[in-house]
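Trainee: prediction below, plus the sequence it came from.
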Amino acid sequence: MSPSLSLANGRSYLAIPGPSVMPDRVLRAMHRAGPNIYGGEIHDVVAGIWPRLKAVAGTSQNSAIYIANGHGTWEAANCNIFSKGDKALVLAVGRFGIGWSESARALGVDVELLDFGKSSPVDLGRVEAALRADKDHKIKALLTTQVDTSSSIKTDIASLRGVLDAVGHPALLAVDCIASIGCDEYRMDDWGVDVTVAASQKGLMTPPGLGVLWFSDRARERCRGNDLRTPYWDWEPRANGTEFWQYFNGTAPTHHLYGLAEALLMLEEEGMANVWARHRALAGAVWAAFEVWSKGNPAIAMNVANARDRGCSVTAARIGGNDATRLREWCETQAGVTLGIGLGMALPGDAAWHGFLRVAHMGHVNAHMTLGVLAVMEAGMQALDIAHGEGGVLAATKALSSAWVQGQA
Ligand SMILES: *Cc1c(COP(=O)(O)O)cnc(C)c1O
């Protein structure tokens, strides 16, 4: 029997937009016997988490941790922000904005959804018109994604704040940063954001299982009496409890907390400005490769035309036909790299579904990982006879080296 060649053995790389790669430091921090939850070290670990968690979001206000994934954290936000029958204005540029609106609607919130499709950024003019039309200020909160992971579209949060201010509308501003916190620049207090939602398994580099909410003092006051609040979701004791168990409304998620504490320390050591610059440079390498590949095959295209509107943590793209599925399978089985499925671009039963994929570049990623993914994709396209412009990897290396030169200047 002749051997069949696979180049997949060696360390595998999960390049999907969450869960992201867990640093060895995070894994080591979690690898320990269970702590005594009634006092001692775990209490100190949690006390150390709060300031670092706030620094990551750029806020000095309130933060709460839930034992939940992103969907759970959406629900946490909705239960605190709204009473039944309150009105929400939700901006969607992909599957995740819509998902947040569905959570709100199921809780009895009156949702007005502005859907901008799957490939276009938020149209601030339409947002302004919707806010101006709300003369009685019925809209209690505006919900949006910073980066929608399905489309990779980024929303300019500072400009959105500007629109609210220009209209003089008092709605709370709530932002889903699940795919962008610890990746894209984010300044909650500077940008006047009232509620920020995140989860542990993306830019925060910790296993799935923790949801994080940051909320402003203004939101804390305005939302105090809301009737959707249940003991488990209530953010008040989680953020401002007087006893340790109140932070988690029960048993603390001990090992996740050790992991999160270490991940936050890593972000602090690197510095948030450097973390954002690293993601920006790696994203630029990915985009440079796609630009070149698409020149040799009109079916290949990034989902978002303008780089200004792309998140720096994930790139959604079309390869065409069933080539995205073929390429993903080749990369995983032949080269040890798992790429993301295309989410929300076509229904899973639809043949077109096999034409989309996403490349993640979020969290614990560096130059050799991203260049490795791109080189593997290019090798896969060659091996599978998927037409593509030659030289994508070369363009990626040039983008990275020039980003580095500029960073030194
Ligand atoms: C991943 C993600 C979610 C959903 O998170 P889960 O942990 O899968 O529930 C929501 N919003 C955005 C922007 C995301 O990237």
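Mentor: Here it is on my side, so go on.

Trainee: for whichever residue of the chain sits closest to the ligand, give me the pLDDT.
Mentor: Going by CB to the nearest ligand atom, the ligand is nearest to G70 of the chain, at 2.1 Å. All C-beta atoms are positioned from the backbone trio N, CA, C, and that covers glycine. Note on G70: pLDDT of 98.

Trainee: now swap in S2 and tell me
Mentor: At S2, pLDDT is 70.

Trainee: counting neighbours, what do you get for it?
Mentor: By the measure other CB atoms under 10 Å, the count of residues near S2 is 4.

Trainee: for the one 10 residues further on, same thing?
Mentor: As a burial measure, the neighbour count of S12 was computed by other CB under 10 Å and equals 13.

Trainee: so it sits against T333, correct?
Mentor: No: S12 lies out of contact with T333 (CB atoms under 8 Å); the separation is 10.9 Å.

Trainee: now do the contacts for the residue of the chain closest to the ligand.
Mentor: By CB atoms under 8 Å, 6 or more residues apart in numbering, the residues touching G70 are D176, I178, V197, A198, A199, G211.

Trainee: quick one: mean pLDDT over the helix or strand where R52 lies.
Mentor: Using DSSP states H and E, R52 sits in helix 41-57. Averaged over helix 41-57, pLDDT sits at 98.

Trainee: so which strand or helix has L91?
Mentor: Secondary structure assigned from DSSP H and E places L91 in strand 87-92.

Trainee: how far out from the middle of the chain is that strand?
Mentor: 19 Å (CA atoms, centre = their mean, to the nearest Å).

Trainee: partners of the following helix or strand past the helix holding R52, with directions?
Mentor: Heading C-terminal from helix 41-57, the first helix or strand you meet, by DSSP H and E, is strand 62-67. When pairs are called by DSSP bridges, strand 62-67 turns out to pair with strand 210-215 (antiparallel).

Trainee: list the buried residues of the partner strand.
Mentor: L210, G211, V212, L213, W214, F215 (16 or more other CB atoms under 10 Å).

Trainee: cool, and stretch 32-43?
Mentor: P35, I42, H43.

Trainee: how about stretch 291-300?
Mentor: Buried, per 16+ other CB under 10 Å, within stretch 291-300: E291, V292, W293, S294, N297, I300.

Trainee: could you identify the most distant pair in those?
Mentor: E291 and N297 (12.2 Å; CB to CB).

Trainee: list the contacts of F116.
Mentor: L91, A92, V93, V122, D123, R126 are the contacts of F116 under CB under 8 Å, 6+ apart.

Trainee: can you rerun that using 7 Å?
Mentor: Shown in contact with F116 (CB atoms under 7 Å, 6 or more residues apart in numbering): A92, V93, V122, D123.

Trainee: was I right about R358 contacting P17?
Mentor: Yes: assessed by CB atoms under 7 Å, R358 is found in contact with P17 at 5.7 Å.

Trainee: in terms of neighbours, single out the busier of those two.
Mentor: P17 (29 against 24).

Trainee: which residues touch that one?
Mentor: So P17 contacts T149, A179, K202, S313, V314, G340, R358, A360, M362 (CB under 7 Å, 6+ apart).

Trainee: what about the helices in the protein?
Mentor: Along the chain, the stretches classed as helices by DSSP state H are 24-30, 41-57, 70-81, 95-106, 124-133, 157-167, 217-222, 235-240, 254-270, 272-295, 323-335, 367-383, 392-408.

Trainee: check which residues of the first one are buried.
Mentor: By 16+ other CB under 10 Å, the buried positions in helix 24-30 come out as V26, A29, M30.

Trainee: please apply the same query to the longest one.
Mentor: If you call a residue buried by 16+ other CB under 10 Å, then helix 272-295 has these buried ones: 272, 275-279, 281-294.

Trainee: how about the residues of the stretch 101-250 of the chain near the ligand?
Mentor: T145, D148, T149, D176, I178, A179, A199, P208 (CB under 6 Å from any ligand atom).

Trainee: repeat the analysis, applying 8 Å as the threshold.
Mentor: 145-149, 176-180, 197, 199, 201-202, 208, 211 (CB under 8 Å from any ligand atom).

Trainee: please name the nearest non-neighbouring residue to the residue nearest to the spatial centre of the chain.
Mentor: The residue lying closest to the centre of the chain (CA atoms, centre = their mean) is A179, at 0.3 Å. With sequence-adjacent residues excluded and distances taken as CB to CB, 6 or more residues apart in numbering, A179 is closest to T149, at 4.1 Å.

Trainee: before we move on, what about P35?
Mentor: I42 (4.3 Å).

Trainee: wait, that neighbour sits on H256?
Mentor: No: counting by CB under 7 Å, I42 does not reach H256; the two are 11.3 Å apart.

Trainee: tell me if I'm right that V90 and L143 touch.
Mentor: Yes: using CB under 7 Å, V90 is in contact with L143, at 4.5 Å.

Trainee: great, nothing more from me.
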